[in-house]
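Engineer: model the structure of this input:
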Amino acid sequence: MTSPDTFGDQPVHYSSARLSDRKIALPHRRTDAVADVPPERFGMLSFITAALEGLRDGAVVGVIDPHKRLSPALADYLNTSQASVSLCDINPATQPGHADTTTYDALIDSTAEGHGDTFARLKPGGLYFAVHMARGNHLSADTALWADMPPLCIDNVCLMRKALPKTLNAVTIWAIVPIHNGLPYILSCLDSLSQQNTTATIKVMVVDDGSQDDSSDAIRGRFPDVEIIEGTGDLWWTGAVAKAVNTLHPRMAADDFFLLVNHDVTLAPDTVDCLVRRALMDRGIGWAPTGHTGEQPMGCAEAGHAPYHVHPLVRSMVRGQGSIDVEALFGRCSLYPVGILDDIDNFDAQMFPHYWGDSDFCFRAAEHGYRFRMTGETSVRVHHTTESTGTHHSFLEQPQSVASAWSALTDVKSYYNVKYMWRFLSRHQKRGRTARTAKTIVKVLGQIRRL
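Structural biologist: Numbering: from 1, shown residues only. Below you'll find the predicted structure:
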């Protein structure tokens with residue numbers, strides 16, 4: 001390790017270690033684009049191209065090269081190999097006051113002069129490459145004000161990332177509420193969303209999947225700002241969420257969050273504020289609150305496949321901790337960073353039309369480095385009924401007929417549906433899937449009694 005240069009009041013380290021010691025923090029967490037290669041074998045071209053490959057399709061890259069200092073190989077790559085991005089030549093002498101007001105996902109600057117007006121046009125989370133930075137050069141103090149980490153410098157290139165907003169009033173929360181009948185619960189849910197005590201902006205979309213109780217008309221009359229999209233009754237929960245995500249994703253900013261809320265849930269006034277404040281600390285973590293029915297506690301997350309088991313959280317709070325790690329978040333109330341959609345696309349409604357869709361989403365996200373936690377700092381009220389929850393609700397509390405048992409094992413709206421359980425286990429937990437599925441079948445059939 002050489003002696004560090006300075007970055008504002010922070011040191012800049014030129015590492016001789018492998019890049020795995022310091023992955024580049026790319027937008028949308030696409031850190032897999034950086035290979036585990038020693039810096040001496042990772043030249044300027046491969047360094048920049050590896051980072052640019054992490055940008056999503058449609059990204060806009062600005063090039064500041066008034067003196068034509070970029071190497072021919074890099075210039076050729078930028079002009080011919082980046083089909084997924086739009087390249088823009090920028091002349092700093094024309095700024096500010098230039099008619100072009102483009103904002104950029106990445107800037108490649110061969111001048112290394114750090115023009116403040118140029119930085120202002122870099123999107124939050126965007127990448128800035130200072131090319132031909134000689135060791136010993138000092139980046140301006142202005143740079144330290146907008147970057148969210150010290151530069152990573154390889155072969156005369158310094159990479160920095162523009163900080164994402166860390167204040168609630170700078171982000172938008174996109175709340176998605178799937179519904180199918182249950183108007184009294186729906187109105188209570190939307191009331192609680194409209195009364196959130198937060199400075200964040202909350203935009204609500206309801207997906208009405210064929211309600212027959214005039215839910216959409218009632219919502220329009222009482223909540224005119226709520227956007228409604230229609231289904232025909234065959235979307236189910238996961239399909240409704242996926243439809244909303246497809247509709248909203250193009251409108252979402254990289255630093256926003258989306259919130260899933262079931263129609264039978266009433267949020268506490270501080271729920272959104274609490275979840276977002278925690279999420280702003282680390283955009284690689286999704287969050288859920290605890291829940292309760294008014295009579296008993298219940299979780300909004302899954303840990304060790306004990307969906308409603310809140311004892312671990314109780315024990316953690318006794319130890320002075322306010323949250324616990326979980327494997328997956330439930331759709332009844334869960335907050336995710338928008339960047340997660342660039343890594344795993346969307347909820348898989350084809351494989352899991354109703355139950356298991358939320359867990360599958362989280363398990364796939366975990367493969368990309370995301371984590372999930374449940375906090376006891378806030379709680380939501382869950383109106384738990386067969387109509388709102390599904391066929392399995394209270395199934396184990398009383399004797400069942402053969403027809404009821406068969407329905408529990410095959411109904412789309414049943415947690416015990418063995419087809420979708422088998423699909424989930426086959427995708428994520430092949431080991432033990434036969435035993436777990438058989439155990440569920442035995443549990444359900446064990447409820448058959450002569451009525």
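Engineer: find the least confident helix or strand in the protein, judged by mean pLDDT.
Structural biologist: Of all the helices and strands that make up the chain, strand 5-7 has the lowest average by mean pLDDT, DSSP states H and E, namely a mean of 34.
Engineer: residue contacts, the residue lying closest to Lys203 once chain neighbours are set aside?
Structural biologist: For Lys203, ignoring the flanking residues on the chain, the nearest one in space by Cβ to Cβ, 6 or more residues apart in numbering is Trp174 at 5.5 Å. The C-beta positions use only the backbone N, C-alpha and C, and glycine is treated the same way. Trp174 makes contact with Lys203, Met205, Leu248, Arg251, Met252, Asp256, Phe257, Phe258, Leu259, Val338 under the criterion Cβ atoms under 8 Å, 6 or more residues apart in numbering.
Engineer: just curious, which of those is nearest to Leu280?
Structural biologist: Top of the list for closeness to Leu280, among those and by Cβ to Cβ, is Phe257 at 8.9 Å.
Engineer: and the closest one, bridged to which residues?
Structural biologist: Phe257 has the following beta-bridge partners by DSSP bridges: Ile173, Pro337.
Engineer: so who does it touch?
Structural biologist: Residues touching Phe257, when contacts are defined by Cβ under 8 Å, 6+ apart, comprise Val171, Thr172, Ile173, Trp174, Val276, Ala279, Leu335, Tyr336, Pro337, Val338.
Engineer: and the gap between it and Val245?
Structural biologist: 13 Å (Cβ to Cβ, to the nearest Å).
Engineer: what does Pro124 give?
Structural biologist: The spacing between Pro124 and Val245, counted by Cβ to Cβ, is 21 Å.
Engineer: list the contacts of Leu70.
Structural biologist: Contact analysis of Leu70 by Cβ under 8 Å, 6+ apart lists Val63, Leu78, Ile108, Ser110, Val131.
Engineer: the first one should be in a helix, yeah?
Structural biologist: The reference is to Val63. No - according to DSSP: H, G, I helix; E, B strand; the rest coil, the state of Val63 is strand, so it is not within a helix.
Engineer: what about the nearest residue to it once chain neighbours are set aside, how many residues close to it?
Structural biologist: The shortest distance from Val63 to any non-neighbouring residue, by Cβ to Cβ, 6+ apart, is to Ile108 (5.1 Å). Burial of Ile108, expressed as a neighbour count using other Cβ atoms under 10 Å, amounts to 24.
Engineer: what does Ser414 give?
Structural biologist: 22.
Engineer: quick check: phi and psi at it.
Structural biologist: In terms of degrees, to the nearest 10, the main-chain angles of Ser414 are phi -140, psi 130.
Engineer: give me the lowest-pLDDT entry from the contacts of Leu70.
Structural biologist: The member of these with the lowest model confidence is Leu78, at 68 (criterion: pLDDT).
Engineer: about what we covered before: looking at Pro124 and Val245, which is more packed in?
Structural biologist: A direct count of neighbours by other Cβ under 10 Å for Pro124 and Val245 places Val245 higher, at 22 against 18.
Engineer: is that one in a helix, a strand, or coil?
Structural biologist: Secondary structure of Val245, reduced to three states by three-state DSSP: helix.
Engineer: excluding chain neighbours, what is closest to it?
Structural biologist: Spatial nearest neighbour of Val245, chain neighbours left out: Asn346 (5.2 Å); criterion: Cβ to Cβ, 6+ apart.
Engineer: what residues are up against the one you found?
Structural biologist: Taking Cβ under 8 Å, 6+ apart as the definition of contact, the neighbours of Asn346 are Ala242, Val245, Asn246.
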